[in-house]
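Q: here's a sequence, model it:
(2 chains)
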Amino acid sequence: MNFQKTLKATLLGASLAVIAATGASAKTLVYCSEGSPEGFDTALYTAGTTFDASSKPIYNRLVEFKRGTTEVLPGLAESWEVSEDGLEYTFNLRKGVKFHTTSFFTPTRDFNADDVVFSFERQLKKDNPWHEYTPGAAWEYFNGMSMPDLIKEIVKVDDYQVKFVLNRPEAPMVANLAMDFASILSAEYADQLEAAGTKEQLNQEPVGTGPFAFVGYQKDAVIRYEAFADYWNGKQPVDNLVFAITPDAAVRLQKLKAGECHVMPYPAPADVADIRDDSNLTLMEQQGLNVGYLAYNTKVAPFDKAEVRKALNHAINKQAILDAVFQGSGQAAKNPIPPTMWSYNDAIEDDDYNPDLAKEMLEAAGVSDLSMKIWAMPVQRPYNPNARRMAEVIQADFAKVGVNVEIVSYEWGEYLSRSKEVDRDGAVLLGWTGDNGDPDNFLAVLLGCDGVGGSNRAQWCDENFEALIQKAKTVTDKAERTKLYEEAQVVFKEQAPWATIAHSVVFMPMSSKVTGYVMDPLGGHWFDGVDIAE
Amino acid sequence: MFRFLFGRLGLLIPTFFGVTLVAFSFIRLLPGDPLDLLAGERGISPERKAQLLEQMGFDQPLWRQYIDYIAGIFQGDLGTSFASKKPVLDEFMTLFPATAELALCAIILAVCLGIPAGIYAAVKRGSIADQAVMGTALIGYSMPIFWWGLLLIILFSGILQWTPVSGRISLLYFFPQPTGFMLIDSLLSGEKGAFLSAVRHLILPSIVLATIPLAVIARQTRSAMLEVLGEDYVRTARAKGLPPRSVIGLHALRNALIPVVTTIGLQVGVLLAGAILTETIFSWPGIGKWLVDSISRRDYFVVQGGLLLIAGIIMLVNLIVDVLYGLINPRIRYN
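A: Down below sits the predicted model:
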């Protein structure tokens, strides 16, 4: 016992000496992140973990999402105008915005239109010297959001005005520009790297205008930032931000409890109750901007009949799925968009769990002895923590109405690829997490006619639905768009191309000393405005 | 001796080509391709996919890709990671010291505890002490690393708070790492307390990683010692009145060490396999986790390059073991 006491005292003494030596007065916020960033040039990547470490602390965008919402606010652009035909977006840029001064770059000028043009043209133009500056530069998000088809040109009007000319009207354009791939980089820094012949450093030693400046990264271990004193929106309450990369959820929790970090993402569902009971910790929660669904193949009989799909939807006991699969971290979904998204039609009534009604409907549709396949994803996703288990619950539910289900699964890449096939055999469990908070990002991508054979896994192309979502793309008035999307959700519910299963709830445990943290419905982790109480 | 050495070196050439072929085909035999995985639910159009495949050189026939890969190896180019866009060799060199440091500490721990434990068990054969040592070794050998690691963290970091939970050094320290070996770099940094912090961070992961090799070495030492202790020359040594310490330490141990050295050499592979789990639990930035992540995202160049480099290290260690074996037992050289 004496040995224990002596050892403890020695170690504690050593720790305190270290803190004193390194200056205990500086406030350092430690975030136990779940993984390593792939790089720091945000536009090259698609993973949330990379965005958390790059675009969010280091960069700004022309427009930003208001924290905790999907509402778009001015960012590096103070204001913007849209032409009447919806083809020209002119952004008036903020003046006096500084880029980070770091050990590897000292800016000589403020942010201006050149930086905006550089940040987008490198992604847009194949002949831009930065288009292939690093091996495998694919600009996947920019391409995934169809930007090359959409943007005709980006024009520098003057030093503080930039115009985006589009090939077709696209109402979600402004929301798209708040996304991570639209982060603004320093053209002056890029020129410096090009002159030095070290272009690849752009992805390793980033320079932005954001709240935190990059200090250093030890691969798979630690990322360090310091608060940017000249940040245009004011200096941060903490002096330093550290990402301690901790892949295992149980270890993250131990670190949080031991005071080795202040905030951690993605707790294991089984630990949520324990965290809630710990008086030293705070557990924040929010509905994720996602949806998990079962997509029927509407091109294959008998699922080409809406009555059959509707009948099967009545056979699914969503509460049982929420209990068995989500363990309290999910909410039943009735629409294809989550309730936190604007234009969510709450007036729609969900298909209630009624096996008798389901049986009657199937008989009325002339369907008997139906056998079908249900595809279960092999991986855990935010919208579906255990697809196999979910498939088993649905299998049991369908058995009660006389439908025999075979569960199939493939390796994840194969699953994604094969599930796109138009003549696919079976209904697919899948889901979606929103990119930009715009309903178009769910309804058009997942259910639009253009997505058939691709991201529209139901292979569903409905004339009325398509007309509504296409019209909503061209209208800039939000109230009018809301009406159109609400109507589209009514059509969706009547036609039932999917069984909407659930929206997950995201938990965020943190030390009770942390103040000012706001959860992001888009799933990102932001630390501007966050403080640690003394 | 030179002939023996050249013979062993000659064997490395076919092994090297075998490894390149296995590494190259293994990752390509797995279903799913990196571009589908990269695009996720969002998907990728066939045109865009074709364009990227061409850009990455995957539109070429497999034999052509293999030749390019081998040609690259001879120029020191193992390709570039899809994920990080960095050369594979650079990434390996950044991460390998962390794994090497952990593996070295683990093997030193395993040898320093395993050999004496094995000798003690052999000398006290059949006693309670022998059964206790061998029982503990069996438990250690059967222990799932993931569970064992978490158990130690909860006990020593969570409840007793003796050791840090994870990482290589306290976040308070930030200094250049010229060697990548934290124990050396922390000393070179001159920062007060840095070395102690690095040592404290090494304790639990080293124990976890050393557990299985320790058990294997202890059992191997015991059985080798038992065999040797029954030999005539040991009886002779005892009969001529040598003290027990000399009989065991000088006469018996040297011969018993031959199979033990081989076992230690073979543990290098076990250590690298164990490092994958240990690194994940202790957030240890080494090559184990890097490789596993790369397999799951089909990062072809990282997997084939990483496997080749690891195989190279194992081959090198085996060569050293072969040489040591030859030194300890001259009969091996002449056969």
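
Q: quick one, strands of the stretch 401-534 of chain A?
A: Under the criterion DSSP state E, counting those that start in this stretch, the stretch 401-534 of chain A contains strands at A:404-408, A:427-433, A:498-511, A:514-515, A:531-532.

Q: okay, these, which one's buried deepest?
A: strand A:427-433 (a mean of 25; mean count of other CB atoms under 10 Å in any protein chain shown). C-beta coordinates here come from the backbone N, C-alpha and C atoms, glycine included.

Q: CA atoms only for it - export them in PDB, please.
A: What follows is strand A:427-433, C-alpha atoms only, in PDB (Å, rounded to 0.1, in the frame of the first residue of the first chain):
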ATOM      1  CA  ALA A 427     -35.000  -5.000 -51.300                       C
ATOM      2  CA  VAL A 428     -31.900  -3.200 -50.100                       C
ATOM      3  CA  LEU A 429     -31.200  -1.900 -46.600                       C
ATOM      4  CA  LEU A 430     -29.300   1.400 -47.000                       C
ATOM      5  CA  GLY A 431     -29.400   5.000 -45.800                       C
ATOM      6  CA  TRP A 432     -28.100   8.500 -46.300                       C
ATOM      7  CA  THR A 433     -26.500  11.200 -44.300                       C
END
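
Q: check which helices and strands that strand sits against.
A: strand A:290-295, strand A:371-375, helix A:387-400, helix A:440-447 (3 or more CB pairs under 8 Å, 6 or more residues apart in numbering or on different chains; DSSP states H and E).

Q: send me the third one as CSV with only the CA atoms.
A: Coordinates of each C-alpha in helix A:387-400 appear next as CSV, following Å, rounded to 0.1, in the frame of the first residue of the first chain:
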residue,chain,number,x,y,z
ALA,A,387,-28.1,-4.1,-40.7
ARG,A,388,-28.0,-7.9,-40.2
ARG,A,389,-30.1,-7.6,-37.0
MET,A,390,-32.4,-5.2,-38.7
ALA,A,391,-32.9,-7.6,-41.6
GLU,A,392,-33.7,-10.4,-39.1
VAL,A,393,-36.4,-8.4,-37.4
ILE,A,394,-37.9,-7.6,-40.8
GLN,A,395,-37.6,-11.2,-41.8
ALA,A,396,-39.6,-12.2,-38.7
ASP,A,397,-42.2,-9.5,-39.4
PHE,A,398,-42.7,-10.5,-43.0
ALA,A,399,-43.0,-14.1,-42.0
LYS,A,400,-46.0,-13.2,-40.0
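
Q: re the thing from before, out of the strands of the stretch 401-534 of chain A, which comes closest to residue A:290?
A: Closest to residue A:290 of those is strand A:427-433 (CB to CB; 4.3 Å).

Q: so where do the strands sit in the stretch 1-150 of chain A?
A: A:28-31, A:63-65, A:72-74, A:77-82, A:88-93.

Q: can you list those in a markdown table and add distance to chain B, mean pLDDT and mean neighbour count?
A: Formatted as a markdown table, these follow (distance: least, CB to the nearest CB, whole Å; pLDDT from 0 to 100; neighbours: other CB atoms under 10 Å in any protein chain shown):
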| stretch | distance to chain B | mean pLDDT | mean neighbour count |
| --- | --- | --- | --- |
| strand A:28-31 | 6 | 96 | 23 |
| strand A:63-65 | 19 | 95 | 20 |
| strand A:72-74 | 21 | 95 | 16 |
| strand A:77-82 | 26 | 96 | 16 |
| strand A:88-93 | 24 | 97 | 20 |
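
Q: lowest-confidence helix or strand of chain A?
A: Of the helices and strands making up chain A, the lowest-confidence element is helix A:2-22, at a mean of 41, by mean pLDDT, DSSP states H and E.

Q: where does the stretch 1-150 of chain B have low pLDDT?
A: Counting by pLDDT under 70, the stretch 1-150 of chain B shows low-confidence ranges at B:1.

Q: residue A:303 touches residue A:313, doesn't it?
A: No: counting by CB atoms under 8 Å, residue A:303 stays clear of residue A:313, with 11.5 Å between them.

Q: specify the beta-bridge partners of residue A:373.
A: For residue A:373, the beta-bridge partners are residue A:406 (DSSP bridges).

Q: tell me the contacts of it?
A: Neighbouring residues of residue A:373 by CB atoms under 8 Å, 6 or more residues apart in numbering or on different chains: A:405-408, A:425-427.

Q: around chain A, which positions in the stretch 151-300 of chain B sit nearby?
A: Residues of the stretch 151-300 of chain B lying close to chain A by CB under 8 Å from any CB of the partner chain are B:153-154, B:157-158, B:160-162, B:164-168, B:170-174, B:177, B:191-194, B:196-197, B:200, B:280-283, B:285-286, B:289-290, B:298.

Q: looking at the helices and strands packed on strand A:427-433, spot the one closest to residue B:52.
A: Using CB to CB, the nearest of the helices and strands packed on strand A:427-433 to residue B:52 is helix A:440-447, at 20.3 Å.

Q: what residues sit buried inside stretch A:240-260?
A: For stretch A:240-260, a neighbour-count test (16 or more other CB atoms under 10 Å in any protein chain shown) marks A:240-258, A:260 as buried.

Q: do the same with stretch A:261-273
A: A:261-267, A:269, A:271-272.

Q: what mean pLDDT does the host helix or strand of residue A:174 have?
A: Assigned by DSSP states H and E, residue A:174 belongs to helix A:173-176. Averaging pLDDT along helix A:173-176 gives 93.

Q: that'll do, ta.
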